[in-house]
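> Sequence first, then the predicted structure, then my questions.
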Amino acid sequence: MDVGVETVETVVEVEDLHHSYGHEPAGRVLHGLSLTVRRGELVAVTGRPGSGRTTLLALVGGLDTPAAGRITVDGIRLDELGEQERLRLRRDRIGTVFPSSGLLPVLTAAENVGVPLRLCNVPPDERDARVARLLSDVGLAEHAGRRPAELSGEQRQRVAIARALANRPVLLVADEPTAQLDAASGTALLELLHALVRDRGVTTVVATRDDWLLSRADRVLELRDGRLPETGPESRPALPTPP
Ligand SMILES: Nc1ncnc2c1ncn2[C@@H]1O[C@H](COP(=O)(O)OP(=O)(O)OP(=O)(O)O)[C@@H](O)[C@H]1O
Ligand SMILES: [Mg+2]
């Protein structure tokens, strides 16, 4: 037996992460966070408004660089990358979803989903096939030709999820994807997101306060004023899955 082969892989490793907006110490919003996310895990980040969830997700998703600390995604030290390298890593390996879809208004749903594939020079035939499959997976095959203004808020978020998954990311980072939706639409969207990432085995970090998703996450991390519990994420197991 090859004992050198790791059976558990780590996709995200955050060590002693600090971040601040503006002057220290008043502007400091993350205070030495450490966490690990294993391949295929679904980790929910919860906490009160202003607790630092968006800041943490933006750093893990490579949208911003930390004031201090180490962030490793898929074996690459994100905090050490320059702007261009960070962009490339995001393009190739990280999918992101935000409270607002951020779809380009002049493009159709299909064209929006195809944007990351164009950026990666996926050949047109393969691109079209992947886009069609993704739109079908999010239940919008019939709406491929619609522009964002012709879709509901929940449908736009579904397109955003399809776009985030288009390049088969190693990591999906979703920041409050239902924040702008009513309760029923929000639940529908989270059920879809959950099914998609479970089916694909995509490692996912999602900021949410939704009980339905919190009960289905592999782990729930509760941020409190920019801190996680001292003993680390394992000390806060996910709630039991309801029947
Ligand atoms: N660009 C910014 N400039 C200055 N302060 C900021 C900025 N972004 C966030 N903050 C502050 O940092 C703290 C953490 O904000 P963050 O958005 O990460 O929290 P959050 O948990 O996502 O909250 P919510 O989503 O409920 O707004 C808050 O006190 C917020 O006011
Ligand atoms: Mg937020």
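Yep, it's here. Residues are numbered from 1 along each chain as shown. Ligands and ions are numbered 1, 2, ... in the order given.

> Close to ligand 2: what parts of this structure are there?
Selection of the chain residues close to ligand 2 by CB under 5 Å from the ion yields 53-54. No exception for glycine: its C-beta is placed from N, CA and C like everyone else's.

> If we use 6 Å, what do you get?
Contact residues (CB under 6 Å from the ion) of the chain with ligand 2: 53-54, 175-176.

> Of those, which belong to helices?
Cross-referencing those against helices under DSSP state H gives 53-54.

> Looking at the residues of the chain next to ligand 2, state which has the most neighbours.
When neighbours are counted by other CB atoms under 10 Å, R53 leads those with 24 neighbours.

> Contacting ligand 1 as well, which ones from the residues of the chain next to ligand 2?
53-54 (CB under 6 Å from any ligand atom).

> helix, strand or coil for the closest residue to E176 other than its chain neighbours?
Spatial nearest neighbour of E176, excluding adjacent residues (CB to CB, 6 or more residues apart in numbering): P99 at 4.8 Å. With DSSP: H, G, I helix; E, B strand; the rest coil as the basis, P99 sits in coil.

> Pretty sure P99 sits against A179.
Yes. Contact criterion CB atoms under 8 Å: P99 and A179 qualify, at 3.8 Å.

> So which of these two has more stuff around it?
Taking neighbours as other CB under 10 Å, P99 and A179 compare with P99 leading, 17 against 14.

> What's the separation between that one and ligand 1?
According to CB to the nearest ligand atom, to the nearest Å, P99 stands 8 Å off from ligand 1.

> got a list of what that residue touches?
By CB atoms under 8 Å, 6 or more residues apart in numbering, the contact set of P99 is 175-180.

> Let's see that with 10 Å instead.
By CB atoms under 10 Å, 6 or more residues apart in numbering, the residues touching P99 are 54, 157, 160, 174-181, 207.

> Counting neighbours, what do you get for D16?
D16 has 12 neighbours, counted by other CB under 10 Å.

> which phi and psi does the nearest residue in space to it that is not next to it in sequence have?
Distance criterion CB to CB, 6+ apart; nearest residue to D16, sequence neighbours excluded, is G69 at 4.6 Å. Dihedral pair for G69: phi 110, psi 170, per degrees, to the nearest 10.

> Now for G69: which residues touch it?
By CB under 10 Å, 6+ apart, G69 lies in contact with 14-19, 30, 32-34, 59, 79.

> Could you do L56 as well?
14, 17, 19, 29-30, 33, 35, 45, 47, 66, 71, 173, 175, 205, 207, 221, 223, 226, 228.

> Let's see which of those residues end up in strands.
Judged by DSSP state E, strands contain the following of the contacts of L56: 14, 17, 19, 29-30, 33, 35, 45, 47, 71, 173, 175, 205, 207, 221, 223.

> Which one of the residues you listed is nearest to N121?
Nearest to N121 among the ones in strands among the contacts of L56 is V173, at 23.5 Å by CB to CB.

> Now do the shared contacts for P99 and A179.
157, 207.

> one step back: just put the residues of the chain next to ligand 2 in TSV and tack on pLDDT and distance to P105.
TSV is the format used below for the residues of the chain next to ligand 2 (pLDDT from 0 to 100; distance: CB to CB, whole Å):
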residue	pLDDT	distance to P105
R53	97	27
T54	97	24
D175	98	21
E176	98	22
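
> residues from the chain in reach of ligand 1?
So the chain meets ligand 1 at 21-22, 29, 47, 49-55 (CB under 6 Å from any ligand atom).
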